[in-house]
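>>> Quick check, what structure comes out for this input:
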Amino acid sequence: MEEEHLTVGEVAVRCNVSTDTVRYYEKRGLVPEPPRFESSGYRAYPPETVQRVGFVQQAQELGFTLAEIQVLLELRADDEASCEQVRDFAHEKIAQVRTQIGKLQQILRGLEDLAEICPADVSADECPLIEVLQPADDLHF
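Numbers count the residues shown, from 1 in each chain. You can find the predicted model right below:
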């Protein structure tokens with residue numbers, strides 16, 4: 001029985017991504033380069049590619065960058081790597097996310113303060129919020 005292989009389009013459909021996404025993951029080394037079908041020359045992706053793309057997508061949803069996902073995939077493939085290493089990597093990401101949340105909370109407070117100074121009865125070009133955002137040298141855009 002011949003092993004099942006998928007075209008890039010079939011992988012994309014199963015993963016609900018575009019074919020460009022699958023090819024980009026391949027280019028970045030997140031998905032191994034597959035052999036080609038002898039008859040057509042098209043890429044012949046093994047079924048495991050679907051799980052690999054799914055892993056990348058799940059990791060992205062958790063905020064990991066593609067470079068960080070590459071590290072996770074390397075840890076996963078390393079017989080000597082431990083779960084402790086993966087956990088430490090996750091803790092580093094948690095610290096980064098907390099820092100980002102802190103920055104976003106500052107932005108939110110700033111925007112809320114600026115929104116409060118906008119009176120409803122003046123034109124937009126006289127709005128204090130617009131004036132606060134205007135560069136000091138009074139450049140017009």
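
>>> Residue 130 versus residue 110, what's the distance?
When Cβ to Cβ, to the nearest Å is the yardstick, residue 110 and residue 130 sit 15 Å from each other. (Glycine included, C-beta is placed from N, CA and C.)

>>> again with residue 4
With Cβ to Cβ as the criterion, residue 4 and residue 130 are 60 Å apart.

>>> Report the secondary structure element holding residue 14.
Per DSSP states H and E, residue 14 falls inside helix 8-15.

>>> Over to residue 74?
Element membership for residue 74 (DSSP H and E) is helix 66-77.

>>> list the helices and strands that helix packs on?
Using 3 or more Cβ pairs under 8 Å, 6 or more residues apart in numbering; DSSP states H and E as the contact criterion, the secondary-structure elements in contact with helix 66-77 are helix 48-61, helix 83-116.

>>> go with 10 Å
Under the contact definition 3 or more Cβ pairs under 10 Å, 6 or more residues apart in numbering; DSSP states H and E, helix 66-77 sits against helix 19-28, helix 48-61, helix 83-116.

>>> Would you format these as a markdown table with mean pLDDT, mean neighbour count and distance to residue 10 included?
Formatted as a markdown table, the entries for those read as follows, by pLDDT from 0 to 100; neighbours: other Cβ atoms under 10 Å; distance: least, Cβ to Cβ, whole Å:
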| stretch | mean pLDDT | mean neighbour count | distance to residue 10 |
| --- | --- | --- | --- |
| helix 19-28 | 96 | 16 | 10 |
| helix 48-61 | 96 | 16 | 9 |
| helix 83-116 | 95 | 11 | 30 |
